[in-house]
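Enquirer: below is the structure, and that's it, no one-letter string:
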């Protein structure tokens, strides 16, 4: 195990900030604002919820919103359910969706340059599921605060109108996630999809260290930056981008089963000693002292911004807000205490 020395590492941190700064360019219009976007989505939602095919059918729909000039824009969209566990009606009665937009229609609109978008939805109708969704949105935003080498997200208030049933329209929060190819464009990089497990030392160490501390902060164990899931390309709940030197830049996604969200469905990883999703387990690899020191300092420097994100999150109920703030504070209690830090942040040796 590499011992972590927590002295100042200004040169390393400066280099990381310069590299990250290049990733902020060319943000698409949809993700250039964090204002809640109100949209109306029309489609056959009952059929979408019942489609269990391995390759679900795309069904026609419409997406409408009012643009900055006060003009209503209506775009054609093909809708399909996506994901795995959340398409099980025992888990969710309303599935996550994929939005397939026509690029010829979205030109010069808020959705310019968007083709396929992942839409994270409310899972179930009861009001408490809104807080789970808002907290998952916050997890993405927290990683945005730690590094722009992360997926942008945009919160929406969506009015759903079923085109093939008499069900009354209803409104729920949802959010869209930047497509991996658009993130690659921001990074001036390429999406990489190796078929097999990759070597740990092929990961960009600065990005990996930040991402691993982030996963510990939000208490997520459902990921791998080096190994693919069964019958898929690498990696599990992470996308790899070309680092330009034969290595990979890992960017995580899919945070519904984190301690910060604390979902009612699913089981924590008992093989790691978790009794609840809120039991933090550090799964990071061992990196050079300077890299880890800089990564820890970055999370420390971001504390106020992260807490402000949580405190200002629209429509997050007070109990969820307080629980989330306390959960984040517990992370800083650990990393700011040398004894606790050494006990909890036991890294995995590179191999």
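Expert: Sure thing, it's come through. These numbers were taken from a predicted model, which means no experiment stands behind them.
Enquirer: now do the same for residue 241: helix, strand or coil?
Expert: Under the three-state scheme (DSSP: H, G, I helix; E, B strand; the rest coil), residue 241 adopts strand.
Enquirer: can you show me the strands along the chain?
Expert: Shown for the chain, the strands assigned by DSSP state E span residues 37-43, 59-66, 72-81, 97-101, 116-120, 153-162, 170-177, 191-192, 238-242, 248-252.
Enquirer: can you pull the buried residues of the third one?
Expert: Think strand 72-81. Residues 73, 75, 77, 78, 79, 80, 81 are the ones in strand 72-81 that count as buried (16 or more other CB atoms under 10 Å). C-beta: built from backbone N, CA, C; applies to glycine.
Enquirer: about what we covered before: which of the strands of the chain is buried the deepest?
Expert: Among those, the stretch with the highest mean neighbour count (mean count of other CB atoms under 10 Å) is strand 248-252, at a mean of 25.
Enquirer: I'd like the average pLDDT over that one.
Expert: With pLDDT averaged residue by residue, strand 248-252 scores 98.
Enquirer: how about residue 65, nearest residue that isn't a chain neighbour?
Expert: residue 39 (4.5 Å; CB to CB, 6 or more residues apart in numbering).
Enquirer: partners of the one you found in the sheet?
Expert: Bridge pairing for residue 39 (DSSP bridges) gives the partners residue 65, residue 158.
Enquirer: my read is that it contacts residue 66, right?
Expert: No - judged on CB atoms under 8 Å, residue 39 makes no contact with residue 66 at a distance of 9.1 Å.
Enquirer: make a markdown table from the buried residues of strand 72-81 and add pLDDT and distance to residue 187 to it.
Expert: Shown next, in a markdown table, are the buried residues of strand 72-81 (pLDDT from 0 to 100; distance: CB to CB, whole Å):
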| residue | pLDDT | distance to residue 187 |
| --- | --- | --- |
| 73 | 96 | 29 |
| 75 | 97 | 27 |
| 77 | 98 | 27 |
| 78 | 98 | 28 |
| 79 | 98 | 29 |
| 80 | 97 | 27 |
| 81 | 95 | 29 |
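Enquirer: tell me the one of these nearest residue 49?
Expert: residue 81 (7.1 Å; CB to CB).
Enquirer: now the closest one: closest residue in space that isn't a chain neighbour?
Expert: In space, residue 81 is closest to residue 95, 3.9 Å off (CB to CB, 6+ apart).
Enquirer: give me the neighbour count for the one you found.
Expert: For residue 95, the count of nearby residues is 25 (other CB atoms under 10 Å).
Enquirer: now do the helices in the stretch 1-150 of the chain.
Expert: For the stretch 1-150 of the chain, helices defined by DSSP state H, counting those that start in this stretch occupy the ranges 10-21, 45-50, 103-106, 128-146.
Enquirer: and the nearest residue to residue 172 once chain neighbours are set aside, what is it in contact with?
Expert: Leaving out its chain neighbours, the residue that sits closest to residue 172 by CB to CB, 6+ apart is residue 122, at 4.2 Å. Taking CB atoms under 8 Å, 6 or more residues apart in numbering as the criterion, residue 122 is in contact with 94, 129, 130, 133, 172, 173, 174.
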